[in-house]
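Engineer: here's my sequence, what's the structure:
(2 chains)
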Amino acid sequence: MDNNREFLMRRLHSLLGVIPIGLFLTQHLIVNHFATQGVEAFNQAAHFMANLPFVIFLEIFVIYLPLMYHAFYGLYIAFTAKNNPGHYSYMRNILFVAQRYTGVFLVVFIAWHIFETRFQVAIGAGEADFNMMENILSNPLMFAFYVVGVLSATFHFANGLWSFFVTWGITVSEKAQRYSTYFTLLVFIVLSIIGIRALFAFI
Amino acid sequence: MGEAAKTVIFEIERQNSTDESSYWEKFELPYRANMNVISALMEIRRNPVNIEGKKTTPVNWDMNCLEEVCGACSMVINGKARQSCTALVDQLEQPIRLQPMRTFPVVRDLIVDRSRMFDSLKKVKAWVPIDGTHDLGEGPRMPERKRQWAYELSKCMTCGVCLEACPNVNEKSDFIGAAPLSQVRLMNAHPTGSMNRDERLNAIMGEGGLADCGNSQNCVESCPKGIPLTTSIAALNRDVSIQMFRNFFGSDHMVD
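Structural biologist: Alright, predicted model coming up:
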């Protein structure tokens, strides 16, 4: 037990899930919410985000690298667990399993989402605007895929935030962990409403 | 007692040795009042005949104290890991299914080899070192309220139920599980034991240590002794967070 590489990798995985990925998710959903104020408001917000100074470095260091590490190490974590929610159907164990299922689903969803949006912009095949999302979400299957994707992301973040507080030794007692459950449940609900409202604004 | 003789049906997952494959065998036993799983297994041992009336080998199991303090008789009963001595037949749904705790290597039938837990206790230095070349005298006193709290942690009987219930303790991972981790907290709480607390914290920061916990919290739900295992894990997470910074940035003292 001399080498603590695994320990540091796990801690990094936990940290990156909240900072920056969780913060980015929150910001992303909030910017999306401009869609509820109309085409012009969304395009203006999207244009502002896409033209931030040093945007490519922001993307690489705040999104791509942390997200890839979190995704690939997360897959390893998900597949080393032996889920047993049948016999041990306690709330936390069910959330444990849900965290792993949503995580695996999100790797697929986010890969597809980036391909459909950012990648198309990068190869010059499209522009990240209201029109692009309207086209994507006009397909009812895609719309359902995005609803599940957004809910998975908000759940995975909220539940991951709960684990983050335990992993870093912030919530220790049973009582602290219970209040943390209420708090993260609130985070899940609020972010879900923001995310889903934005999706509905495109149709 | 005039009614037809009541019986109890057992389905037992059996295995002749570690490397052989397992098979299920059914038994029907006469019911007796206040039966527990162990008394039923004793009945099978006395008369090893299965439900088809065929003579078979007696079912092997492990036991010792018969009062839920040794942990030896742990097995999976109707899907959940627990001690068979305190599993009362009257409170169990029939047929009663008995399985070995497969997180551990199966020796034979319901007997498992729990050595990995004892090895883990060695790895995390779950003891208070007091041996020396001369009498060290009395150690520091422990506050009474702390003693009462630490007593709860000391109830651990290394039964292995928390490891069996944990989704992260399996053949794909090295995770040592909740029991040895909680012992680190107990030893670190001891006034003399705390003189080596950094050694134990560094040990659980290693391979298969604290970081492998995935917070499914099955351990605390399953612990027959009601030990606050997840509180121990979270408290150790806090200690280890500080130890991590001490290690990385350097410190002029390793123990308070």
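
Engineer: strands of the stretch 151-256 of chain B, start to end?
Structural biologist: When assigned using DSSP state E, counting those that start in this stretch, the stretch 151-256 of chain B turns out to have no strands.

Engineer: any residues of it in contact with chain A? List them.
Structural biologist: By C-beta under 8 Å from any C-beta of the partner chain, the residues of the stretch 151-256 of chain B that approach chain A are B:165, B:167-168, B:170, B:172-173, B:202-212, B:214-218, B:221-222, B:228, B:230-231, B:233-241, B:244. Quick note: C-beta positions are derived from backbone N, CA and C, even for glycine.

Engineer: any idea how far the most centrally placed residue in chain A is from residue A:188?
Structural biologist: Taking C-alpha atoms, centre = their mean, the centroid of chain A lies closest to residue A:153, which sits 3.8 Å from it. Per C-beta to C-beta, to the nearest Å, residue A:153 is found 10 Å from residue A:188.

Engineer: residue ranges with poor pLDDT in chain A?
Structural biologist: Across chain A, the ranges flagged by pLDDT under 70 are A:1-2.

Engineer: list the contacts of the residue lying closest to residue B:162 once chain neighbours are set aside.
Structural biologist: Closest residue in space to residue B:162, ignoring its immediate chain neighbours: residue B:219 at 3.7 Å, by C-beta to C-beta, 6 or more residues apart in numbering or on different chains. Residues near residue B:219 by C-beta atoms under 8 Å, 6 or more residues apart in numbering or on different chains: B:162, B:165-166, B:177-179, B:229-230.

Engineer: same question for residue B:230.
Structural biologist: So residue B:230 contacts A:166, A:174, A:177, B:178, B:215, B:217, B:219-220 (C-beta under 8 Å, 6+ apart).

Engineer: state the distance from it to residue B:87.
Structural biologist: For residue B:230, the distance to residue B:87 - C-beta to C-beta - is 24 Å.

Engineer: next: residue B:251.
Structural biologist: 49 Å.

Engineer: neighbour count winner among these two?
Structural biologist: residue B:87 (22 against 13; other C-beta atoms under 10 Å in any protein chain shown).

Engineer: nearest residue to the more buried one in space, please, no chain neighbours.
Structural biologist: residue B:37 (4.3 Å).

Engineer: over to residue B:222?
Structural biologist: residue B:165 is the one closest to residue B:222 (C-beta to C-beta, 6+ apart), at 4.0 Å.

Engineer: what about the helices in chain A?
Structural biologist: A:5-16, A:23-32, A:39-50, A:55-58, A:65-80, A:91-114, A:120-122, A:130-137, A:140-167, A:174-201 (DSSP state H).

Engineer: just the CA trace of the fourth one, in CSV.
Structural biologist: Listed in CSV are the C-alpha atoms of helix A:55-58, where the atom choice follows Å, rounded to 0.1, in the frame of the first residue of the first chain:
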residue,chain,number,x,y,z
VAL,A,55,-11.8,30.7,-26.0
ILE,A,56,-9.9,27.7,-27.3
PHE,A,57,-7.7,27.6,-24.2
LEU,A,58,-10.7,28.0,-22.0
